[in-house]
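1. Build me a model:
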Amino acid sequence: MPSQINPTHIRGVLFDLDGTLADTALDMAAALNRLRVENALPPLPFTAVRDHVSHGSTAMIRIGFGDNLPKARFEALRRRFLDIYSAALAAETVLFPGMGNVLETLESRGIAWGIVTNKPGFLTRPLIAALGLTERSACLVSGDDLPQRKPHPATLLHAAQLCDLPPSTCCYLGDAERDITAGKSAGMHTLIASWGYIDAEQRPDTWGADDTLTRPDDLLAWIDANSLPVATPSLA
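-> Sure thing, here's the model as predicted:
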C-alpha cells in the first residue's frame, strides 16, 4: 500500500542516479562487454544488460559471467569492471529526456534537489561533475558515504539533513524496490521512475509507492497536484 503521508508543501526532491536521473546504461554495458571480450567471450546485446544496470557492479558481473563463479574470481572481475567503467563513465551518459527541464523548473521554484545513490563516491562525483550538476545539486549522497545503503533509510535521512529539510517535505524518485522501501522508511513521498531500468520480472505495482511517473516531466505535475499552497501572511 502507498504511504499515508499527508499532502504538504514539497520543498525537496531527491533522485536515484542510475535509471532515474541519468541514463548510464550504455556506458555500463560497454564496460561489461569490454570485460567479456578480455575474457574471450562475445559482447552481450544491450537489451540483455540495460534493465540490470540499477543493481550495480555485482549485477553486471552476474549478467556477464553467471552466478556460480568462485568468490575470488567474482571479485577480481568486479574490480576490473569498475576500473574499465571508471575510465569512461560519461562517454554516453546523459540526463533522461526532459530531466534537464525538470531540474531547471525545480530551481526556479526554489525547490531543492539532490541525489542519493548506492553507486560509490569515486564514480558518482566525477560523473555528476561531467554532467555539470555538481554546483547545482543541494546534496550528493553516495553508497559509501555512510555505513548503511538503500534500502536502509539512513542515506535519505542524511540527504534531507544536508538540505536542511524535514523528510516529510521531500519526495524520493527511483526505479528499484529498494528506493521505494528506503523512501517510505524515511517518511518521504515515494515515486517510481518507470522509464528506468525495471526488468520484466519486477512488480513495481507491489512496491507501495505513492505514484508511478511515466516521464520526468510528470514530476512537476505530481508536485502541483500533491502540494498544499504555502500560506501567505494576512495584510489585515
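2. what's the offset of stretch 124-138 from the middle of its chain?
-> Mean-position distance between stretch 124-138 and its chain equals 14 Å (C-alpha atoms, centre = their mean, to the nearest Å).
3. end-to-end on that stretch?
-> 15 Å (C-alpha to C-alpha, to the nearest Å).
4. got the contact list for that stretch?
-> 12, 17, 22, 24, 86, 89-90, 93-95, 103, 107, 112-115, 117, 119, 140, 142, 162-163 (C-beta atoms under 8 Å, 6 or more residues apart in numbering). For every residue, glycine as well, the C-beta is placed using N, CA and C.
5. Show only the entries of those found in helices.
-> Mapping the contacts of stretch 124-138 onto helices (DSSP state H) picks out Ser86, Leu103, Glu107, Leu162.
6. Name only those of the contacts of stretch 124-138 that count as buried.
-> Taking 16 or more other C-beta atoms under 10 Å as the criterion, what is buried in the contacts of stretch 124-138 is 12, 17, 22, 24, 89, 93, 95, 103, 112-115, 117, 119, 140, 142, 162-163.
7. Narrow the contacts of stretch 124-138 to those in strands?
-> Assigned to strands by DSSP state E, the following of the contacts of stretch 124-138 qualify: Gly12, Ala22, Val94, Leu95, Ala112, Trp113, Gly114, Ile115, Leu140.
8. pretty sure the fourth one contacts Thr20?
-> Meaning Leu95. No. Using C-beta atoms under 8 Å as the test, Leu95 is too far from Thr20 to be in contact (10.3 Å).
9. And for Gln161, the neighbour number?
-> A count of neighbours around Gln161, defined by other C-beta atoms under 10 Å, yields 13.
10. Please apply the same query to Cys170.
-> Look at Cys170: counted by other C-beta under 10 Å, it has 27 neighbours.
11. which residue packs closest to it, ignoring adjacent ones?
-> Gly12 (4.0 Å; C-beta to C-beta, 6 or more residues apart in numbering).
12. Make sure Gln202 is indeed in a helix.
-> No. Judged by DSSP: H, G, I helix; E, B strand; the rest coil, Gln202 forms no part of a helix; its state is coil.
13. Look up how far Ser54 lies from the residue nearest to it when sequence neighbours are not counted.
-> Distances taken as C-beta to C-beta, 6+ apart place Glu177 nearest to Gln202, at 7.1 Å, with adjacent residues excluded. Using C-beta to C-beta, to the nearest Å, one gets 10 Å for the distance from Glu177 to Ser54.
14. Name the residue in these two with the higher neighbour count.
-> Neighbours per residue, other C-beta under 10 Å: of Glu177 and Ser54, the larger number sits with Ser54, 28 against 19.
15. Model confidence score at that one, please.
-> For Ser54, the model assigns a pLDDT of 92.
16. and Trp222, how many neighbours does it have?
-> Per other C-beta under 10 Å, the neighbour tally for Trp222 reads 20.
17. and it, which of the three is it?
-> Applying three-state DSSP: Trp222 is helix.
18. how about it, what does it touch?
-> Cys171, Leu191, Asp211, Leu213.
19. Gly98 - nearest residue in space that isn't next to it in sequence?
-> Pro216 (4.1 Å).
20. ok, now which ones touch the one you found?
-> So Pro216 contacts Phe96, Pro97, Gly98, Met99, Asn101, Val102, Ala193, Trp195 (C-beta under 8 Å, 6+ apart).
21. lowest-pLDDT helix or strand in the protein?
-> helix 218-226 (a mean of 93; mean pLDDT, DSSP states H and E).
22. list the buried ones in that helix?
-> Quick answer for helix 218-226 (16+ other C-beta under 10 Å): Asp218, Leu219, Leu220, Trp222, Ile223, Asn226.
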